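Colleague: Structure for the following, please:
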Amino acid sequence: MALIQQEVTKERWVEIPEPVRDVYRLWRPTPLYRARRLEKALRTPAKIFYKYEGVSRRAAQAEHRGGPGLLQPAEGVKRLATETGAGQWGSALAFAGQLLGIDVKIYMVRVSYDQKPTAAT
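Modeller: Next up, the predicted model:
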């Protein structure tokens, strides 16, 4: 119910629960860098910054989205099953499950390993 309430709330801000923030503190915040050479190449007066996510154990965007998995113990969930394509989502939820004692089963979707590499990939 907590996830559903979060999804349908009319509140502008939803506070991240403390257990989730505790887990995010394990590798957050990631460094923020200024892209001075890119600014120079673009000849822009704008200041351009980027986050280096290489310090994260897994793909950082998946870890952020994996946060909902971290909320499940509050609802009494003991097991969670999900699919993953390239693996980042599954890795993030497996990590969350390990930290919170949730049994996580990950299924790799067939399209991820059946595709033949192309010049674009």
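Colleague: Ala94 - nearest residue in space that isn't next to it in sequence?
Modeller: Spatial nearest neighbour of Ala94, excluding adjacent residues (Cβ to Cβ, 6 or more residues apart in numbering): Val104 at 5.1 Å. Placement of C-beta: from N, CA and C, glycine included.
Colleague: Secondary structure of that neighbour: a strand, I assume?
Modeller: Yes: under DSSP: H, G, I helix; E, B strand; the rest coil, Val104 sits within a strand.
Colleague: For Arg34, see how far away Val20 is.
Modeller: Distance from Val20 to Arg34, counting by Cβ to Cβ, to the nearest Å: 29 Å.
Colleague: just Glu15 next, same as before
Modeller: 30 Å.
Colleague: likewise Glu7?
Modeller: According to Cβ to Cβ, Glu7 stands 35 Å off from Arg34.
Colleague: Over to Val104?
Modeller: 38 Å.
Colleague: Compare neighbour counts for those two and give me the winner.
Modeller: A count of neighbours by other Cβ atoms under 10 Å puts Val104 above the other of Val104 and Arg34, at 18 against 11.
Colleague: What are the boundaries of the helices in this structure?
Modeller: In the chain, the helices defined using DSSP state H lie at 2-8, 18-24, 36-42, 60-65, 67-71, 88-100, 110-114.
Colleague: Return the member of the ones you listed having the minimum mean pLDDT.
Modeller: If you rank the helices of the chain by mean pLDDT, helix 60-65 sits at the bottom with a mean of 57.
Colleague: Now do the phi/psi pair for the residue lying farthest from the centre of the chain.
Modeller: Most distant from the centre of the chain: Arg43, at 33.3 Å, with distances by Cα atoms, centre = their mean. The phi and psi torsions at Arg43 (degrees, to the nearest 10) take the values phi 50, psi 50.
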